[in-house]
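# Sequence and computational prediction follow.
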Amino acid sequence: MDKPTYEELEAENTRLKGRMAVHDEAGSATPNVRVWPRVGRGVLILLGCLSLLAVDLGLWANRNLINNEGYVAAVAPLAKDPAVQTAVVKATEQQIDANTDISTTVQNALPDKAAFLAGPITTGVNNAIHSFLAKAVDSPKFADAWTTVNDRAHSRIINYVSKYEGNGQITVADAYSSLSDRLAGTKLGSVVANKPLPPKLGNIQLIDASWLPIAHTAAVAVQWSVPVGILIAIIGFGAAIWWSPRRRKTLIVVALTLAFTLGLANIIVRLIQQVRENNIADPTYRAAAHSVSQAVLGPFIVQTRVWIVVALVVAVAAWLSGPALSAVRLRDWLGRRTSSLARASGYLGAGTPAIAWLRRRRRIVEWSLVALAIVVLMFLTPLTIAIVAWTAVVLIFLIVLVEILTSTPATESRRVA
């Protein structure tokens, strides 16, 4: 059996001291004193996780629901989605059938002797309509019209909801005020708009939209959820870690709890999505609803998964850099492998001023690379799991390269030089 290294003995000594300190503290305290700090830290961690979940939802909602450009970018590709095109064609055919009885029209147009042709002609007309509609929805004009209609409708709805201050009852005066705003700056606006209405006429209720105040509150809450949620998460996580006698372990718990919370939210969103789709009986419309929900909810699901990966990376990094015996052994093994690679490469650059400078500032350089990777991920849009994975691979490669270049002992560097 191999003898333990100095680092392993030091890590085991640190671990035993920590356990002794915890047992001493537990032995000198009453049960309530031992329990309440844990409960308090748990509450702070849970508060921070829920706050970051609100931030996750807020970022997605701001980018894909509130922001007009983000919403249009999400729904514009649906015009070319086969499931959506099929649903549009079917809905249009149903509207035509509801308003026009093609079979009866054909029968009335034919003489009695040609009545047997009504069926084939009706089938031919329906096939021609279907073919025309299929080509129409697959054309660039339909895609442009789809984008334009969604752009205008979304812009008007968000603008109205964000500025709405009523009780959900839309009166003639409200409609007239909205029309005046739209006609502002036009010739018709100077004649019709902004004229006083009689009180009896202006107070007539047109629509009872009780959802409008709720939508306005939700829009405001979404805008504030990101900064407020980040602040609360920083306070909650920071206080829990500062309060803990074993801060590294608490950091690992924070990261794992956050990953679990976000994973649970991801599962719940997908379950709700699946249930809503299953409630649609028609398979054509169900497929179209799936495409629409994927376009709208897909960015949230991907974004949440990215956050989960980042949280797990933080947990692994905290464990790997800690005093746990398994982590020390892994670091010792990696150190031996790094030294072997350095010897195999002939100690590239050993003895040069650049390597000497890098050796003195090795940790600063490595942490700078980590900070640079975080900054890059912050500004990459859209952020996917593949991008995070490749960024992590490049980061690990650069850190290993730094370790290889700086692993030459000082005496060996002078000998090589």
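It's in. Numbers count the residues shown, from 1 in each chain.

# shouldn't Val253 be in contact with Leu46?
No: using C-beta atoms under 8 Å, Val253 is not in contact with Leu46; the gap is 11.1 Å. Backbone N, C-alpha and C define where each C-beta goes, glycine included.

# Looking only at neighbour counts, state which of the two leads.
Per other C-beta atoms under 10 Å, whichever of Val253 and Leu46 has more neighbours is Val253, with 19 against 14.

# separation between that one and Leu78?
42 Å (C-beta to C-beta, to the nearest Å).

# Would you mind giving me the confidence score for Thr284?
Per-residue pLDDT puts Thr284 at 89.

# Give me the below-cutoff pLDDT ranges for the stretch 151-300 of the chain.
Across the stretch 151-300 of the chain, the ranges flagged by pLDDT under 70 are 164-212.

# any chance you could map the helices in it?
Assigned by DSSP state H, counting those that start in this stretch, the stretch 151-300 of the chain shows helices spanning 172-183, 187-192, 199-202, 211-243, 247-278, 283-320.

# So for Lys135, which of the ones you listed sits nearest?
Nearest to Lys135 among the helices of the stretch 151-300 of the chain is helix 283-320 (18.2 Å), distances taken as C-beta to C-beta.

# List the buried residues of that closest one.
285-311, 314-315, 318-319 (16 or more other C-beta atoms under 10 Å).

# What is it packed up against?
helix 31-61, helix 68-75, helix 82-99, helix 247-278, helix 325-344, helix 385-405 (3 or more C-beta pairs under 8 Å, 6 or more residues apart in numbering; DSSP states H and E).

# repeat that for 6 Å
Applying 3 or more C-beta pairs under 6 Å, 6 or more residues apart in numbering; DSSP states H and E, one finds that helix 283-320 contacts helix 31-61, helix 82-99, helix 247-278, helix 385-405.

# Minimum distance to Asn13: which of those has it?
helix 247-278 (16.0 Å).

# Name the residues of that closest one that are buried.
Quick answer for helix 247-278 (16+ other C-beta under 10 Å): 248-259, 261-263, 265-266, 269, 273, 277.

# so it versus helix 31-61, what angle?
Interaxial angle of helix 247-278 relative to helix 31-61 (axes from the mean of the first three to the mean of the last three C-alpha atoms, to 10 degrees): 50 degrees.

# Now do helix 247-278 and helix 211-243, the angle between them.
Using the same axes, to 10 degrees: helix 247-278 against helix 211-243 is 160 degrees.

# got the CA positions of stretch 368-376 in CSV?
Extracted in CSV, the C-alpha atoms of stretch 368-376 (Å, rounded to 0.1, in the frame of the first residue of the first chain):
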residue,chain,number,x,y,z
SER,A,368,-8.2,35.1,-14.9
LEU,A,369,-9.0,32.4,-17.4
VAL,A,370,-12.0,31.3,-15.3
ALA,A,371,-13.2,34.9,-15.1
LEU,A,372,-12.7,35.4,-18.8
ALA,A,373,-14.8,32.2,-19.5
ILE,A,374,-17.6,33.5,-17.3
VAL,A,375,-17.6,36.9,-19.0
VAL,A,376,-17.7,35.2,-22.4
